[in-house]
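In: got a predicted model here, sequence first, then my questions.
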Amino acid sequence: MLSYTESYQLVEAYLKNLSYNREPLQLYDPIRYILSIGGKRIRPCLALMAHSVFSEKRDEVMESAMGIEVFHNFTLLHDDIMDNAPVRRNYPTVHAKWNANVAILSGDAMLILAYQLVARSRNEVLPRMLDLFNRTALEVCEGQQYDMNFETRNDVAVQEYLEMIRLKTAVLLAASLACGAVAGGAAQSDVDALYQFGLNMGMAFQLQDDYLDAFADLKKFGKTIGGDIVANKKTYLMLSALEKADSRQKKELHQWLKKETFDADEKITAVKQIYQELGIGESTQQLSEAYMQKALLHLKSVSVPRSMTVELHRVVDMLLRREH
């Protein structure tokens, strides 16, 4: 079975040789740019790794895996516009480097290019691949809309948040694994098991991300702690705190959420103090761990020797035991 490192090297080599020698350059230069500025490449790597469990013919999966990566980066282009984000992976975002109109149109082109890549799957599996990709692409858009809706709502429930991250984050990880399994000729039961493995891993990953933003070791985290608190993001931590808080704590949280002018460090300290009083950090880690264990149970149910899935187990450790 391919390791994550081996898969990453294959993905990077493919992307380096992926050239869109078409015009106008103003449409394709931003695509080349966003695909060249790095990232974990976790989604195409998962597709390659899942495929390698069932087949050694990498040409069966490479283009559809790249289609998933192009699609993922398309969503980043449009997300950055919606968030008015100036930086992505320590580089200027496409709309900051060019402008919003360029980013919108190049993103649209990326979505079409992603479909072209997925559609190159061999005929025997093409209907299943397109069905999986279509469903996932719509779900990711649904998740983004929920996330946008939450920005203006003060009554978001924890379960609503969990459904949002399932759609916005987890389903694409799940689909990447399923895509690899389908391309490799896996039985539907194994495709379903790997999908559920990825879905639960994605949930655990996002919850761990929420936790680290508030409670990571600053020296290891590599960025400012408490960014979600400062931005009033409705993370699992904040929503859980609002549900569990007593009247005093709830009043203080709402005061911080309403303040337009404040000292960032003071706000972070005050909100984290309430989190600690309520045990929010611990409960977030517990839920993340529960999703992780569920993911591993689904991985264990794949009908191949355990040695064939050990590298996927290591990916779980890499993503969910991280401190940054």
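Out: Thanks, I have it.
In: is it true that Lys168 touches Gln145?
Out: No. Look at Lys168 against Gln145 with C-beta atoms under 8 Å: they stay out of range, at 9.3 Å. The C-beta positions use only the backbone N, C-alpha and C, and glycine is treated the same way.
In: neighbour-wise, which of the two wins?
Out: Lys168 (22 against 13; other C-beta atoms under 10 Å).
In: ok, how many other residues are close to the closest residue to that one other than its chain neighbours?
Out: Computed as C-beta to C-beta, 6 or more residues apart in numbering, the closest residue to Lys168 that is not its neighbour in sequence is Gly143, at 3.0 Å. Number of residues near Gly143 (other C-beta under 10 Å) recorded here: 21.
In: ok, Gly143 touching Met164?
Out: Yes. Counting by C-beta under 8 Å, Gly143 touches Met164, with 5.5 Å between them.
In: kindly export the strand or helix carrying Glu266 (C-alpha atoms) in CSV.
Out: Secondary-structure assignment from DSSP states H and E places Glu266 in helix 264-278. Presented in CSV, the C-alpha positions along helix 264-278 are these (Å, rounded to 0.1, in the frame of the first residue of the first chain):
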residue,chain,number,x,y,z
ALA,A,264,-8.1,41.0,21.6
ASP,A,265,-6.0,39.4,24.4
GLU,A,266,-8.5,40.4,27.0
LYS,A,267,-11.3,38.9,25.0
ILE,A,268,-9.4,35.6,24.4
THR,A,269,-8.5,35.3,28.1
ALA,A,270,-12.1,36.0,29.3
VAL,A,271,-13.7,33.6,26.8
LYS,A,272,-11.1,30.8,27.5
GLN,A,273,-11.7,31.2,31.2
ILE,A,274,-15.4,30.4,30.7
TYR,A,275,-14.4,27.5,28.4
GLN,A,276,-12.2,26.2,31.2
GLU,A,277,-15.0,26.6,33.8
LEU,A,278,-17.3,24.6,31.7
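In: tell me which residues in the helix or strand harbouring Ala114 are buried?
Out: Here Ala114 sits within helix 100-118, counting by DSSP H and E. By neighbour count with 16 or more other C-beta atoms under 10 Å, helix 100-118 contains the buried residues Val102, Ala103, Ser106, Gly107, Ala109, Met110, Leu111, Leu113, Ala114, Tyr115, Leu117, Val118.
In: looking at the residues you listed, which is nearest Gln26?
Out: Val102 (6.4 Å; C-beta to C-beta).
In: tell me how far Asp192 lies from Leu132.
Out: 11 Å (C-beta to C-beta, to the nearest Å).
In: now for the two: what residues contact both?
Out: The contact sets of Asp192 and Leu132 overlap at Ala178 (C-beta atoms under 8 Å, 6 or more residues apart in numbering).
In: neighbour count for these two, which is higher?
Out: Shown here are Asp192 and Leu132; by other C-beta under 10 Å, Leu132 has more neighbours (22 against 16).
In: so the more buried one: helix, strand or coil?
Out: With DSSP: H, G, I helix; E, B strand; the rest coil as the basis, Leu132 sits in helix.
In: can you check Lys16 too?
Out: Under the three-state scheme (three-state DSSP), Lys16 adopts helix.
In: just the helices in the stretch 151-300 of the chain please.
Out: In the stretch 151-300 of the chain, the helices defined using DSSP state H, counting those that start in this stretch lie at 158-165, 171-183, 188-215, 218-221, 227-230, 236-244, 247-258, 264-278, 280-300.
In: these: which one's closest to Thr75?
Out: Across the helices of the stretch 151-300 of the chain, closest to Thr75 is helix 171-183 (C-beta to C-beta), at 8.3 Å.
In: the closest one to helix 100-118, inter-axis angle?
Out: 30 degrees (axes from the mean of the first three to the mean of the last three C-alpha atoms, to 10 degrees).
In: helix 171-183 - contacts with which helices or strands?
Out: Counting contacts by 3 or more C-beta pairs under 8 Å, 6 or more residues apart in numbering; DSSP states H and E, helix 171-183 packs against helix 42-54, helix 62-83, helix 126-150, helix 188-215.
In: that helix: how far from the chain's middle?
Out: 13 Å (C-alpha atoms, centre = their mean, to the nearest Å).
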